[in-house]
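[1] need the 3D shape of this:
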Amino acid sequence: MDAREAARLLKGVRAAALAGDRPPAAPRPEIAESWRRMLAGGVHPDRDARSRMLTTAETEERRQVSPLREVLPVLREGLLPALDEALHIMVVADAEGRLLWREGHSSILRKADRLGFAVGADWDEGVVGTNGVGTALVTRRPVQVFSAEHFVSSHHDWTCAGAPVRDPRDGRLLGVVDVSGPLATMHPATLAWVTSVARLAERELRVRHLESLERLRAVAAPLLARLPGRALAVDPNGWTAAATGLAPVDRVPLPKSFGPGRVWLPQLGDCAVEPLPGGWLLRIAQERTNAAVTRVVLDLSRAGSWSATVYGAAGSWSQELSPRHAELLFLLAESPRGRSAAELAGELFGDPTRTVTVRAEMSRVRRNLAGVLTHRPYRFAQDVEVELIRPQEPAGLLPHSTAPAVIRARLGHGGRGMIP
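    Okay, the predicted model is just below:
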């Protein structure tokens, strides 16, 4: 099927989906899920909405603090040589969907300007509909959006392929690299190409991280050799560079507010914290404090900034949550008696057979929340008090989630919930 014939078919699929009729062909699952989000969020299918553009100063400020700035040479080397001939452009956006860099064929750049696909623009899915930048940010997976798979009709002459770029130090989503162009010029292999270049960028970030750990190790090793007792040097993300008196762990989860002084860490107990060039020195108290967890506060009140704060006899610490982990902990907070993997799969995906995915994600959650969660069934530990903080407006509860249980919960009331 050539591009024009495919575009005609997709327009028919989209029109049927908007009218609630049976489509001539089923949309791809990731596109269908995005369309459902757009309909639920009130995005107009035929009105080109745009939010305020960043000023030049605001854009430059975001560029300076973005880790993606470090890997621009990798992205350019992997993508730009083929863009002129292919009549494509490369776009790099931050984790909020703001376009920070844009390069490629001059004639396509001019067309992109008319579409509002310009540096400083907001291409969040909730603003402009299904697209290679915003949809990749929501799903956290590579995505290609072809012609009328774009929810907003003004984008139907374009095709785009976007891949997320994550920080290898903590898994944090840094943004998206996207290749876009006119409908007739896009190749089916474009998504694989863009994805491979995004992975090269992550590998470059990983290499830079290992180099920074090596520099910290060179500074810390002589200092640790002179210290009595147990101590370790970690970078700002908690990755261990060197240790003495104990078997080193790969990483120590650090609380959000962290600095010199005394601090209690779940894995280590009571520690004295001192600054080092490029990291921290953690000196562990000789007697470990009882670290039994007594309370957990699950804060889902701010979209995109979810956290779990754990309180014990010796202090507290916080863990930022990914969208999937926020969904899982919300479901467990709503289910004091616990849920099996099949029950969680049904509540998350509407498919009780997806237990492998649930078990893998729960394993990742429990890695950082040891002592808080138990399994068989999955639940918060028996003696742990759980406080759930919801958004003030029900619609603000995990707004990008398509989990059936979360959608049902949005119909309830907001506020705070306590689970004894």
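
[2] contact partners for the most centrally placed residue in the chain?
    Centroid check for the chain by Cα atoms, centre = their mean gives Leu173 as the closest residue, at 4.2 Å. The contact partners of Leu173, taken as Cβ atoms under 8 Å, 6 or more residues apart in numbering, are Ala95, Leu137, Arg140, Pro164, Val165, Arg166, Asp167. From N, CA and C alone the C-beta is placed, and that goes for glycine too.

[3] buried subset of those?
    Ala95, Leu137, Pro164, Val165, Arg166, Asp167 (16 or more other Cβ atoms under 10 Å).

[4] closest to Leu10 out of these?
    Minimum distance to Leu10 across the buried ones among the contacts of Leu173 is 22.3 Å, recorded for Leu137 (Cβ to Cβ).

[5] hmm, Val177 and the closest one touching each other?
    No: with contact defined as Cβ atoms under 8 Å, Leu137 does not count as touching Val177 (11.7 Å).

[6] in the helix with the most length in the chain, what counts as buried?
    Ranked by residue count under DSSP state H, the longest helix found in the chain is helix 190-225. Neighbour-count burial for helix 190-225, counted by 16+ other Cβ under 10 Å, picks out 190-191, 193-195, 197-198, 200-202, 204-205, 209, 212-213, 216-217, 219-220, 224.

[7] just checking, next helix/strand downstream of it?
    Sequence-wise, the next helix or strand downstream of helix 190-225 (DSSP states H and E) is strand 231-234.

[8] can you list contacts of the helix or strand following that next one?
    Under the assignment DSSP H and E, the closest C-terminal helix or strand after strand 231-234 is strand 240-244. The contact list for strand 240-244, computed with Cβ under 8 Å, 6+ apart, reads 213-214, 216-217, 220-221, 224-225, 227, 230-235, 248-252, 279.

[9] next, the buried residues of strand 240-244.
    Thr240, Ala241, Ala242, Ala243, Thr244.

[10] now, among those residues, which is nearest to Ser318?
    So of these, ranked by how close each gets to Ser318 (Cβ to Cβ), first place is Thr240, at 20.3 Å.

[11] who touches the nearest residue to the closest one once chain neighbours are set aside in this structure?
    Distances taken as Cβ to Cβ, 6 or more residues apart in numbering place Pro248 nearest to Thr240, at 4.8 Å, with adjacent residues excluded. With contact taken as Cβ under 8 Å, 6+ apart, Pro248 is in contact with Leu232, Thr240, Ala242.

[12] from Leu268, how far off is the first one?
    If you measure Leu232 against Leu268 using Cβ to Cβ, to the nearest Å, the figure is 8 Å.

[13] where do the contact lists of these two overlap?
    In contact with both Leu232 and Leu268: Val252, Leu282, Ile284, using Cβ under 8 Å, 6+ apart.

[14] so which of those residues wins on neighbours?
    Leu282 (23 neighbours; other Cβ atoms under 10 Å).

[15] any idea how far that residue is from His209?
    19 Å.

[16] one step back: looking at the buried residues of strand 240-244, spot the one nearest Gly78.
    Nearest member of those to Gly78, counting by Cβ to Cβ, is Ala241, at 30.3 Å.
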